[in-house]
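return a 3D structure for these sequence lines:
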Amino acid sequence: MPEEANRAAIWRRPATPAEINALHANTLPGLLGIAVTEMGPDWLRAEMPVDSRHIQPFGLMHGGASVVLAETIGSVCAFLALPEGQSAVGVEVNANHLAAVRAGDRVSALVRPLQLGRSIQVWNIEITRGDGRLACVARLTTAARSGA
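Prediction:
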């Protein structure tokens, strides 16, 4: 990501993509093949294949698969941006589907914060197709709560 050296790190808990992916192994994100691929000081990227697990009957990626991808990585970021002793819960997620994604493609999702408050966080997620075209934009709102 450009201009990384000028951005302050927002992560308050250390984690690597491999550690995050291991946590998802036997959960919905793991079953769908969602994998965190890289992290920067204020962003995270994940990828997901588009195969029979993700499509609707017409061979296109189901909108719900985009939402699962967005909520998964937004929630990971919300947790990592909170101090020890706090956790995040989803409050609202919305998604605008802008371009179809066909079976056999692979999508990439980039998440960045829009608001990092003490009690509410808002995350922006952009999902692109393999050809780089924006397929979906989503926004996730999370609330911080006591207890990790």
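
in stretch 127-136, what's buried?
Using 16 or more other C-beta atoms under 10 Å as the test for burial, stretch 127-136 gives 127-129, 135-136. Where you see a C-beta, it was placed from the backbone N, CA and C, and this is true even at glycine.

quick one: the helices in this protein?
Assigned by DSSP state H, the chain shows helices spanning 17-23, 28-31, 63-80.

now render these as CSV, adding mean neighbour count, distance to Glu38 and mean pLDDT.
Listed next are these as CSV, based on neighbours: other C-beta atoms under 10 Å; distance: least, C-beta to C-beta, whole Å; pLDDT from 0 to 100:
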stretch, mean neighbour count, distance to Glu38, mean pLDDT
helix 17-23, 14, 6, 97
helix 28-31, 16, 16, 96
helix 63-80, 22, 12, 97
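
identify the farthest-apart pair in the buried residues of stretch 127-136.
Pairwise distances among the buried residues of stretch 127-136 were taken by C-beta to C-beta; the largest, 9.4 Å, belongs to Arg129 and Cys136.

ok, back up a step: so which of the buried residues of stretch 127-136 comes closest to Pro14?
Nearest member of those to Pro14, counting by C-beta to C-beta, is Ile127, at 26.2 Å.

please list all residues in contact with that closest one.
Contacts here follow C-beta atoms under 8 Å, 6 or more residues apart in numbering; on that basis Ile127 touches 66, 69-70, 107-109, 134-138.

so who does Ala65 touch?
By C-beta under 8 Å, 6+ apart, the neighbours of Ala65 are 32, 48, 50, 53-55.

recalculate using a threshold of 10 Å.
By C-beta atoms under 10 Å, 6 or more residues apart in numbering, Ala65 lies in contact with 32, 34, 48, 50, 53-56, 101, 107, 127, 136.

do Glu47 as well
Neighbours of Glu47 in contact, by C-beta under 10 Å, 6+ apart: 33-38, 69, 106-109, 130.

hey, what's it bridged with?
Ala35, Ser108 (DSSP bridges).

state the distance from it to Arg13.
22 Å (C-beta to C-beta, to the nearest Å).
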